[in-house]
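*Asks:* What follows is a predicted protein model with its sequence.
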Amino acid sequence: METLHWLVPLILVALAFDFLNGFHDAANSIATVVGTRVLAPRVAVLWAAFFDMIGPLLFGTHVARTIGKGIVDIHLVTPELILAALVGAIIWNLFTWFYGIPSSSSHALVGGLVGAAVTIHGTSSLVWWGLGKTVLFIFLSPLVGFLLGSLMFVLCAWIVRRKTPFRVDTIFRRLQLVSAALYAIGHGTNDAQKTMGIIFMLLVSGGHLAATAPVPLWVILLCSVAMAAGTASGGWRIVRTMATKLTRLKPFGGFCAESSAAMALYGASLFGIPVSTTHTITGAITGVGNTLRRSSVRWGLASNIVWAWIFTIPASALLAAGVRFALRVWLGH
């Protein structure tokens, strides 16, 4: 595969992954605001899509550079590697969407990169510091979301302790529109940058961009729009799992979950850490539900979700490896 010949098609495949990322992860942005019935589902996805689109313009491109340079040695990147990684991640996303499993699109992409790189160049092609940081936050991001959600719930409960339940509900129905917007900005900021990183890898490996150059504005804009379009389409199977099956929240709890998850995502984005927005919001929702009443959380479902998180990187790596071998056969190498 010659890089220039495959550049435009691969960028289109990357944007297709970005669209599917938004579609798959729409539940992350709207789960609580739909579950609390503050917004109707269709209105909620449009609300989230708008703020998803502006998110990547606000917090720089630190995550994009981590994906572009911190998972696989950028000097070993080939069009074949990128295509196998993207297709492997897309297959895993479609599989988990079909079964309503809120897995991580981010980690599916990382797994795809790892699987494709190892089958082509071996383990020496991996950038272990970046990969280790990503794997570490598989466990840390839901924990951070859980702790921040719990603390936010306790803090807000103390602030409104003298108000009537009706007044609290009225206030937080309005505030939840703000927290949903803040979370969608965080989602767009962190998740859209992963596709920016892929396109950055393609441009650098093909000699069209220096490794030290900033991510081009046209790449940022394309990825922002693709992510927003996917979110606007809404992955309803996963929305139902996140909005109503994990725990039941009122606007007060929804605000606490969204705002705490948003804070976690902003911090991760500023430090260039490609965390899973799925892990973060699930942890925050569980933390709020557990603080309210431990029995309100469906822990059996939560454990199934955790198993999906654990399997995402190895499963998408295996899929990407399979795609790479299929490409080898198809291209006659």
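*Replies:* Yes, it's here.
*Asks:* Return the set of buried residues in the helix or strand encompassing residue 80.
*Replies:* Per DSSP states H and E, residue 80 falls inside helix 79-98. Neighbour-count burial for helix 79-98, counted by 16 or more other C-beta atoms under 10 Å, picks out 79-93, 96-97. Yep, even glycine has a C-beta here, placed from its N, CA and C like the rest.
*Asks:* One more: stretch 141-150?
*Replies:* So stretch 141-150, judged by 16+ other C-beta under 10 Å, has buried residues 141, 142, 144, 145, 146, 148, 149, 150.
*Asks:* For that stretch, list the C-alpha coordinates in CSV.
*Replies:* Output in CSV follows, covering the C-alpha atoms of stretch 141-150 (Å, rounded to 0.1, in the frame of the first residue of the first chain):
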residue,chain,number,x,y,z
SER,A,141,-11.2,6.5,35.2
PRO,A,142,-14.2,4.6,36.6
LEU,A,143,-12.8,4.9,40.1
VAL,A,144,-12.3,8.6,39.7
GLY,A,145,-15.8,9.0,38.3
PHE,A,146,-17.2,6.9,41.2
LEU,A,147,-15.4,9.0,43.8
LEU,A,148,-16.2,12.4,42.2
GLY,A,149,-19.8,11.4,41.7
SER,A,150,-20.1,10.4,45.4
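*Asks:* Check the offset of it from the chain's centre.
*Replies:* With C-alpha atoms, centre = their mean, to the nearest Å as the basis, stretch 141-150 stands 16 Å off its chain's centre.
*Asks:* who's in contact with it?
*Replies:* Applying C-beta atoms under 8 Å, 6 or more residues apart in numbering, the contact partners of stretch 141-150 are 256-257, 260-261, 263-264, 268, 275-276, 279-288, 290-291, 306, 309.
*Asks:* Mark which of the residues you listed are buried, thanks.
*Replies:* By 16+ other C-beta under 10 Å, those give 256-257, 260-261, 263-264, 268, 275-276, 279-288, 290-291, 309 as buried.
*Asks:* give the contact list for the nearest residue to residue 172 once chain neighbours are set aside.
*Replies:* Sequence neighbours aside, residue 251 is the residue nearest to residue 172 in space, at 4.0 Å (criterion: C-beta to C-beta, 6 or more residues apart in numbering). Each residue near residue 251 by C-beta under 8 Å, 6+ apart is listed here: 36, 38, 169, 172, 173, 175, 176.
*Asks:* The second one: how many residues sit nearby?
*Replies:* Residue 38 is flanked by 23 other residues according to other C-beta atoms under 10 Å.
*Asks:* can you confirm it is in a helix?
*Replies:* No - Residue 38 is assigned coil when assessed by DSSP: H, G, I helix; E, B strand; the rest coil, not a helix.
*Asks:* What confidence value was assigned to it?
*Replies:* Looking at residue 38, its pLDDT is 79.
*Asks:* same question, the fifth one
*Replies:* The score at residue 173 is 89. That number is its pLDDT.
*Asks:* Correct me if wrong: it contacts residue 37.
*Replies:* No - using C-beta atoms under 8 Å, residue 173 is not in contact with residue 37; the gap is 9.1 Å.
*Asks:* Give me the more crowded residue out of these two.
*Replies:* Each of residue 173 and residue 37 has its neighbours counted (other C-beta under 10 Å); residue 173 has more, 19 against 13.
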